[in-house]
Every structure is written in structure tokens, then in C-alpha cells.
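> okay, predicted coordinates and the sequence, questions at the end:
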Amino acid sequence: MSTDSATMEAVAKSAVKDSSWRERVQQLMALAGLVLIFVVFTVASPQIFPSYSNVTAILFSTTVVGLLALGSTLVIITSGIDLSVGTAMTLSAVMSATFIVNWHIPVWLGIIMTLAFGGLVGLVNGVNVAILGLPPFIATLAMMLVAQGLALVISNARPIYFDPAAHSGYIWLSTGSIIPGTRFPNAVIVLALAAVVAFVLLNKTLLGRYDISIGSNEEATALSGINTKKWLVIIYAVAGLFVGLASIMISARLGSAQPATGAGYELQAIAAVVIGGTSLSGGKGTIVGTIIGALIISVINNGLQIISVRQEWQNVILGLVILIVVFIDQLRARRAATT
Amino acid sequence: MTATETVPFAGTHDPNLLLQVEKVDKSFPGVKALEGMRFDLRKGEVLGLVGENGAGKSTLMKLLTGIYTRETGDFWLNGQPLEVHNPREAQAAGLAIIHQELNLVSHLTVAENIWLGREPVSGGFFTRPSEQVRKTRELLERLGLALDPKTIVSRLSVAQQQMVEIAKALSFEATKVLIMDEPTAALNDAEVDQLHELIRRFITPETGVVYISHRMAELKRIADRITVIRDGHYIDTMPMAETSLDQVISKMVGRAINTGAKPHNVRGDRPIVLSVSGLSTKALLKNVTFDLHRGEVLGFAGLMGAGRTEVARALVGADPITSGDVLLNGNPVTIRTPAHAAALGIGYLSEDRKGLGLMLQLPVVHNIAISSMSAKFSQAFFVNDKAMREAAEASRKLLSIKTPSVNQPVKYLSGGNQQKAIIARWLVKDCDILIFDEPTRGIDVGAKEEIYQLLNTLAEQGKTIIMISSELPEILRMSHRVVVMADGMIKGVLSASEASQESIMRLATHGDEALTHKTEKAGR
């Protein structure tokens, strides 16, 4: 009996080691992948690719997808999905331009209102999923179409331009530089700060614990006395705040709200989350992984451009990367399950 | 046929027997599900098959249809050895089984369901819907069923769906033996009559029916003989007409049990902490009324589907109720969600630990702390991991949860230790009322004992416990009082001294005694 329990404990101990080891390896794998891709492009284009200005450009181009992916990480951990982030971002950008350009609302207030609007869109998604019980895929697909349509209706299908003089503060948020003497774009700093916020939310707060718990077993979490519906609404709303922030970054960068763009960003965001090791079946995911995933996407896009691969090939290669990454992850999960 | 026979049964079978099951063994890791199981079905009869929860009925059915593989023993069908590897082969051999859960495709029509996979076709590919409908109409007429072949199955009542299931089984020309597993669990009296009529039409000198049920009154009406099994063993077969309900029950439960730790103090004089009256749900529960006294273990006994789990779920707000009043410490409360129940100090430990209890991939500490996170382990939205870990460590010592670390995913713990982790969850939450649904299901014998002692200690410390269990020895050993349920109703409340396997089984199976009287008066 005592030897039995001793061996059992030994087995259990090795299992613990395995599982934490596995998670660490997963993050290292993503990071190693990023480094590998970076090295490959550096070899292919030693002058241009690793230069300061190009690396800055890569980081800058990660901003929008990165912000969307941060919110999507929280949603995907619940075993949900948010297909509306791309067009909701466009709609929020149109609203931002409407507030600031058309209604002459002060920039600072316009920013707050835009963030709130993004949060509102997320809240509606959350209510549709948690309270009305619609499948997340359907609820957010519908929102994707609604947001796309509303963006065109509200803007009369025409871009709304910020005034470079009157709204310089708005544009500075993305393209300006708070670090004196450099041209390091603020957008990258915004992304970094947002990532820290998301990290804290996921790892240090009730929201994060309930997020993971719901993703692991929603019904058990509810039976444990957690108001899972309320928390799901909050999680979708928080994801919406990230969408609002992304909309400010993209409209500030472009100096305008472009109502006909945005679709497709949601898939890039989901790709970043998945490449970062977050499980679409929920209960598991990291913010660091998501940021690495978003960086992998921008490095691939940027590197292929620099080595003059036709743009049409970029998505082909990105698609293959997703297949390979997820396949390797599945393979390791299966092996862990059988041993 | 004696038990000493070891050679294969070549030639030993009786030509009058339709189905013979001989000396069948089947074990699962740690459990012998069947040992030397046997029964026989004569041509032209309905054989009742009864046994307690877990007696081995389902295992036997799964062996007969090839879902499981038997280790030893033989099956004979119509004098031929029966060797099947899946339900389709069983069906082809003439063995049709109607499972307790219906297996119909709900958005297809009656006709489409009956011929699913065997659709009449032309040119090997194109379906012939009108031919299919015609064949269905013929079949339904032959069986005396008033159903429209073109009705979508989801629009039918449960009873009608059951009829479709039977029609499907009988649509196979080969069907000689019909095995029905609790066919009347969801039917009302008139529907039961209709089902019995259908069975009588099916019976010819060449066919037979095995009718599994725990409703004695029904068996009295339909069965010719009754076979009792218990704990995976064959017990006895008796002619139905000459057998009393009590005889059957005593054969079903006749096993010695450990009453060593039976509670001596009956705590009826303690204050009432929870008073439930008139609790009803749309699906099952009817007017459930009981009181719960501080520091008692109130057992809930009954057969599968009696409504015990449903009482617990309705009580904690996991399922909606249609009526019912709950007084908690004398104050009326309306509990709409498990979150509300938890806030009031009522914790529910589901029978389905993996599905409804645990967050399997997450660490033990998360599984213990989850219910108390907002109240105890957080300040202004931020969680306090250190406090959580300390509480989990304290629980680990208190309940001796065996795990190398509280940071380990709970899925690596044994069943008993997983159960302790969930108990710890509700103790950390300071719940005063704990509802245990099958507290020792899937837990090995030694760990069971530990859980029992833990429950006793909790009750002594003033926690109040509702214990739902399908294991009578467990109910008898633990409960200060026993509530017996059947058909969504409370059939009786027994004190510890009144409770015995016989008295509980009598109440649990007796749901249809009224029906018996009625039918007998109707003149058999």
C-alpha cells in the first residue's frame, strides 16, 4: 500500500514536471520560431532587413493586429471566438472621426468616447453570447456584418479625414514619438502598454482566473458559484476596449477613418493568437505567446516584401505557418496524452 | 445444466429456448461487472429482467449487441451460437435492442428514421421517398400504430418516439428477440398500455421479449417469468404469476452490508436549516417537500431517473423550477443561480465530477479556490495567489489530499483525491449545507472509507449534508434519515432504524402500485 502510493506520487510528480515543462517549451518554440524566421530573412537581406528603421517598421506594423489579438486572446481562452474585431475596429474608427472631425468634440474626449464605443460593441457581443446563448461564431459573425454596414452608412461610404493641424495630437498618438531624439513610433509603446495591461488582467485578476476557468469547464465554473454569464459579458466588453484602442491607432496612422477596410484583420488576429499557443478549445493561453504570434505575422509579411516575393504569396506562406505551428502543437499534445 | 460444466455447450441447448446466455464473465479495471451470468428466454414469452442500479443489466445488453466483448461464456440464438461484434450484426442476427435513451435523428421523418441506412433506392443511388413512405405505412399498420410516416420525429411525444424506435427494430424481417431497457421510464399509464399492446402483437411462438424494468407492477402485467440479477450474478428466475413483489425485492437486495459505522444519534430534534416545500419542475419533479436538520446526513435513495439529482439541481438554481418554496434558516429565499446558492452557503458536488465539478487542466489550487476567489482571495479585483495557495495547502493537510503539489493539474489526482479537492472548495467557501451527489462514484474502496469518515466528521462539526446515492449500503451506512424517491416524487422518509434495503427498495419500486390495483380491477 505504501509503496503503491509512493509510486503513484512519483508518477504524479513526473506528470507535473511534464506539464509545466510542456508549457514552457511551447512558449520557447514560438519564440524560437520568431528568431528563426528573423535569422532567415537577415541572411536573405543582410543590409535592409535587420536595420533599425526596418525593425521599427515591423514593430509599427504589428500594432493593429497586436491590439486586436490581445482582446481576442481573452475571448478565445473562454473557448469563444470574436470574428467582429476587424470591422468593429473600422466602425469605431468611423465613430472616432465622426466625434472629432464632424462633431468637433475635443480630441481627448473623442478618444474616450471611441474606447467606450468599442467596449459597447464588445458588450453587445457578450450579451448575445452569454445571455441570449448564441454560439460565439454566429453572434460575432453577425456583428462583423452589422459593423461593416454601419461603418459605410455612417460615413456615407467616404473616408473621413482628420485635420493634420487641428488634430495633430490625435495623429501623434500613433506616428509621433514620445521618446525625444528618436522617431520610435508611439503606436509601438501603446501596444507594449496594452500588452502589459492584458498580461495583468489575465494573470493577476479575477477576470483572468474566471476567463481560464470558464474556458476549462464553463458549467463546472457556474456550479462553483461563479456568475459565468456576467463574466463572459465583461470579457467580450474588455476585448471591445482593445478594438476601440486599435481603431484609434489605425485611424491616427492613416490620418483618416477608411470605412471600406477592416475585414480580414479578425483572421490575422486569430492567427496571431493561435500561433502564440492559445488553444481554440479554451482554458489555456498566454499574452506573451500572442505578442510573439503577432510579431511572427509582421516579420513574415515584411521580410517577404523586402526579398521581393510577390505580395500574393504572403498569405499562402502565412497559412502554411499556421498549419505547421498548430500541427506541431497537436502532435505534442497527443504524445503527452498517450505517455 | 450444472455449474460444473466446463466444455463448450455443443448440443446442450434446449430447442425450446429462443435466447440463451451461459456463464458470461466480464470485468472492467478493478470491477467484475458480470460473473457467471446467465438467463434464458423461451419462445413466445416476455421475460422480465430486474436488478438494482449497477447489477449488470446494461453491461449484459452491451455484450449481447457486441458493443463490449465477453471474456467467457456463450450466447445461443434459436439454437445457433451467437457471435456478434457490433449492433448492426446483432440486428442482422435477429436481436433488436431498444435502449433507454432514444436513438432517433430528430429532424428526420418517421419513415426516414425507420429506414435510415437501408433506404429504398433506384439505380443504387437515388432515393425513392414514396416507396419508403408506402413501406412505412404498411409496417405501422401491421403494428397497429397510428403514426404518419411523414411526421418529423421531433414533433412526436416521447412515447410516440419510443413507438417509432420499436417499429424500426421490428422493420427488420430477421428480428426474433426484442430487448427493451426501461422502455416506460418516460411514459404515462395510457402510453404504457399502448406499448404493452404492441409487445403482445409482436409475440408469436417464434419470438420473445426481454423486458428490463424496475417497475414491478408493469412486470406483473406483461412478463411471463422474471429473472433477478444482483452484483453481476444470476440470482433466480420465477414465474411472474406466483411471485410477490416482496420476494423479488428480497432477491434483488439480499446482500450483507457493513453497518458498523451506522449513526447512532438521529438528529431529528436539531433545528431545521432548510425547508423545501412543493418543489416541482417542468420535466420531472412533483411536489417535493422535505426538511433538513442541522448536522444531519439526509440520504436520498431511489433508482436511476427517480429525480434525486434533479432535486439538487433545482435547489441550487441550476435548473428552473415551476413552483416550490424554500426556507433557509426560517427565511424565504428564491435561488435562481448556483452563484446565489453558493453565496447563501449551499454547495453542490455533482455526480459528474469530471464534467460538472472540476476544471481538469487547471491546478488543484484553482479548483479549491474558485468559489471563494472574489470573497476571500482578492483585493479590488486583483487575486492574491499567496492566500489562495495557503488555503489550498491547509485543505490539503486537513483532508489529506494526496498530491505532490497544489500547483499540479487536478486531472492527475485519483478519483478520491479529486473528490476531496471539491469538498475542500466548499469548505473554504464556508458552506453550511453540502449536497453530495454520488460522493463515492468511481472511487476505490479504501478511498470510499475515507470519504465516509470525512462526511461523518463534517456532520459532527455542524455541517448539514444531503447525500444522494445509488448504493444502498452507502445510504444505510451514512444517513440519519433516508428520503426515497421514485418518478420525481418523494415516496417516503425513513428514520435510520426504519431504513433497510428492503424498506427502501419497496418504496423505490412501488411507484406504480396504484397502477397495479387499477389494472387488476380492470380484470386480467
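Good, I have the coordinates.

> in which helix or strand would I find B:T237?
B:T237 is part of strand B:233-239 when elements are defined by DSSP states H and E.

> residues touching residue 204, list them.
By default, I'm working from chain A. B:F382, B:V383 (CB atoms under 8 Å, 6 or more residues apart in numbering or on different chains). Using the backbone N, CA and C atoms, a C-beta is placed for each residue, glycine as well.

> actually, chain B is the one I wanted.
If you count contacts by CB under 8 Å, 6+ apart, B:T204 has them with B:G44.

> ok, A:S298 touching A:I58?
Yes. With contacts counted by CB atoms under 8 Å, A:S298 reaches A:I58, the gap being 5.1 Å.

> burial count for residue 211?
Chain wasn't specified; assuming chain A. Other residues near A:D211 come to 27 when the count uses other CB atoms under 10 Å in any protein chain shown.

> looking at chain B here, not the other one
26.

> check which helix or strand it maps to.
For B:Y211, the enclosing helix or strand under DSSP H and E is strand B:208-212.

> got the contact list for B:G299?
With contacts defined as CB under 8 Å, 6+ apart, the neighbours of B:G299 are B:M467, B:I468, B:S469, B:I475, B:L476, B:M478, B:S479, B:R481, B:V482, B:V483, B:A499.

> other residues contacting stretch B:366-381?
Contacts for stretch B:366-381 (CB under 8 Å, 6+ apart): A:205-207, A:209-210, A:212-213, A:221, A:224-226, B:342, B:347, B:358-359, B:383-384, B:387-388, B:391-392, B:395, B:406, B:410, B:421-422, B:424-426, B:428-429.

> ok, the residue nearest to B:A146 when sequence neighbours are not counted to B:Q419 distance?
Ranked by CB to CB, 6 or more residues apart in numbering or on different chains and with sequence neighbours excluded, the top spatial neighbour of B:A146 is B:L140, at 7.7 Å. The span separating B:L140 from B:Q419 equals 49 Å under the rule CB to CB, to the nearest Å.

> the two - which one has more neighbours?
Remark: of B:L140 and B:Q419, B:Q419 carries more neighbours, 29 against 21, as counted by other CB under 10 Å.

> closest residue of the stretch 351-500 of chain B to chain A?
Proximity to chain A, evaluated over the stretch 351-500 of chain B using CB to the nearest CB, is greatest for B:M359 at 3.9 Å.

> these two touch, right, that residue and A:D211?
No. Shown here, B:M359 and A:D211 do not form a contact pair, counting by CB under 8 Å, at 11.7 Å.

> ok, back up a step: buried ones in the helix or strand hosting the residue nearest to B:A146?
Per DSSP H and E: B:L140 is located in helix B:129-143. Buried positions in helix B:129-143, judged by neighbour count with 16 or more other CB atoms under 10 Å in any protein chain shown: B:Q132, B:V133, B:K135, B:T136, B:R137, B:L139, B:L140, B:L143.

> what does stretch B:140-153 give?
Within stretch B:140-153, the residues that count as buried by 16+ other CB under 10 Å are B:L140, B:L143, B:L145, B:L147, B:P149, B:V153.

> what do you get for stretch A:115-133?
Neighbour-count burial for stretch A:115-133 flags A:115, A:117-130 (criterion: 16+ other CB under 10 Å).

> and which of those is nearest to A:A194?
Set against A:A194, the nearest of those by CB to CB is A:L115 (11.4 Å).

> give me the phi and psi angles of that closest one.
Main-chain dihedrals, A:L115, degrees, to the nearest 10: phi -60, psi -40.

> can you pull up the most central residue in chain B?
B:M304 (3.1 Å; CA atoms, centre = their mean).

> now do the same contact list for the closest residue to chain B within chain A.
Nearest to chain B, among the residues of chain A, is A:G225, at 2.6 Å (CB to the nearest CB). Applying CB under 8 Å, 6+ apart to A:G225 gives the contacts B:P338, B:A339, B:A341, B:A342, B:A343, B:G347, B:S371, B:K429.
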